[in-house]
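J.: just a sequence and a predicted model for now, questions to come.
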Amino acid sequence: MAETTKNKVKYGLENVYYAKLTGETYAIPVPIEGAVSISLKASGDTAPVYADNVEYFSFETNNGYDGSIEFVLIPDDFKTDILGEVVDKNGVTSESSDAKVSEFALLFQFKGDLAEKRHVLYRCKCTRPNIESETVKEKTENKNESLDIKCRPVISGVLKHQIKANVSNTAEQKAIYDAWFTKVYDGTVIASE
């Protein structure tokens, strides 16, 4: 029997991971420490069709989400894996004007009053972060780094048209929940009984 306890509130972004998308295959998720916030707005539109002097039908498009994710510091691994920066033979990291940004899955978790819910956004693409800092004054302040991010529907394969998924920490979903950050969920994981 399914558990009937549900969260009344959510808070606390944590356990943020990314998994690079190559073709239709996601790499093993890699953790990104220092997540501060995520804010995504729905992207899409409603187009009404009028007939007989009423709204007869409406077409709705779901284009995913647009927004940003903020970190204390974006790690160099993310910049090379996803943003296309390269490390030369001398260990110097550089950004090229013709670098190709890769798509990726974004995995994360919110806390709740009763259970923690885990999420995945499947087909994400982001912009390069701004470069910002300030001189030290009376007190030192960190300048967080943020990425503008777009999450779109998957084009083909097992996840075709999927945008996101989430799982709750319940007894029925324990196997999926426990494996959430080890492999991008594609519906093929079967929970053990």
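T.: Arrived safely, thanks for sending.
J.: what about residue 65, which helix or strand?
T.: Secondary structure from DSSP states H and E places residue 65 in strand 54-71.
J.: residues in contact with that strand?
T.: With Cβ atoms under 8 Å, 6 or more residues apart in numbering as the test, strand 54-71 has contacts from 16, 32, 34-51, 106, 121, 123, 126, 144-153, 163-164. All C-beta spots, glycine's among them, are computed from the backbone N, C-alpha and C.
J.: generate a ChimeraX selection restricted to the buried subset of those residues.
T.: With 16 or more other Cβ atoms under 10 Å as the burial test, the buried ones among those are selected in ChimeraX as follows:
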select :16,32,35,38,40,43,106,121,123,126,145,146,147,149,150,151,152,153,163,164
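J.: which ones among the contacts of strand 54-71 lie within strands?
T.: 16, 35-51, 106, 121, 123, 126, 145-152, 164 (DSSP state E).
J.: export the strand holding residue 65 as PDB, just CAs?
T.: Below are the C-alpha coordinates for strand 54-71, written out as PDB (Å, rounded to 0.1, in the frame of the first residue of the first chain):
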ATOM      1  CA  VAL A  54     -16.600  30.700 -28.300                       C
ATOM      2  CA  GLU A  55     -13.100  29.400 -27.600                       C
ATOM      3  CA  TYR A  56     -13.700  26.100 -29.400                       C
ATOM      4  CA  PHE A  57     -10.300  24.500 -28.800                       C
ATOM      5  CA  SER A  58      -6.900  25.500 -27.600                       C
ATOM      6  CA  PHE A  59      -3.400  24.300 -28.500                       C
ATOM      7  CA  GLU A  60      -1.000  24.200 -25.700                       C
ATOM      8  CA  THR A  61       2.800  23.900 -26.200                       C
ATOM      9  CA  ASN A  62       5.200  22.800 -23.500                       C
ATOM     10  CA  ASN A  63       8.600  24.000 -24.400                       C
ATOM     11  CA  GLY A  64      10.200  23.100 -21.000                       C
ATOM     12  CA  TYR A  65      11.700  25.700 -18.700                       C
ATOM     13  CA  ASP A  66      13.900  28.800 -18.800                       C
ATOM     14  CA  GLY A  67      15.700  30.300 -15.800                       C
ATOM     15  CA  SER A  68      18.900  30.100 -13.900                       C
ATOM     16  CA  ILE A  69      20.900  28.100 -11.400                       C
ATOM     17  CA  GLU A  70      23.300  29.700  -9.000                       C
ATOM     18  CA  PHE A  71      26.500  28.300  -7.300                       C
END
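J.: what residues does the helix or strand just after that strand touch?
T.: Once the chain leaves strand 54-71, the next helix or strand it forms, by DSSP H and E, is helix 76-81. Helix 76-81 has contacts (Cβ under 8 Å, 6+ apart) with 18, 20, 30, 32, 85, 86, 87, 93, 95, 102, 104.
J.: wait, what's in contact with the residue nearest the centre of the chain?
T.: Centroid-nearest residue in the chain, with Cα atoms, centre = their mean: residue 106, separated by 2.7 Å. Going by Cβ under 8 Å, 6+ apart, residue 106 touches 16, 17, 18, 69, 120, 121, 124, 149, 151.
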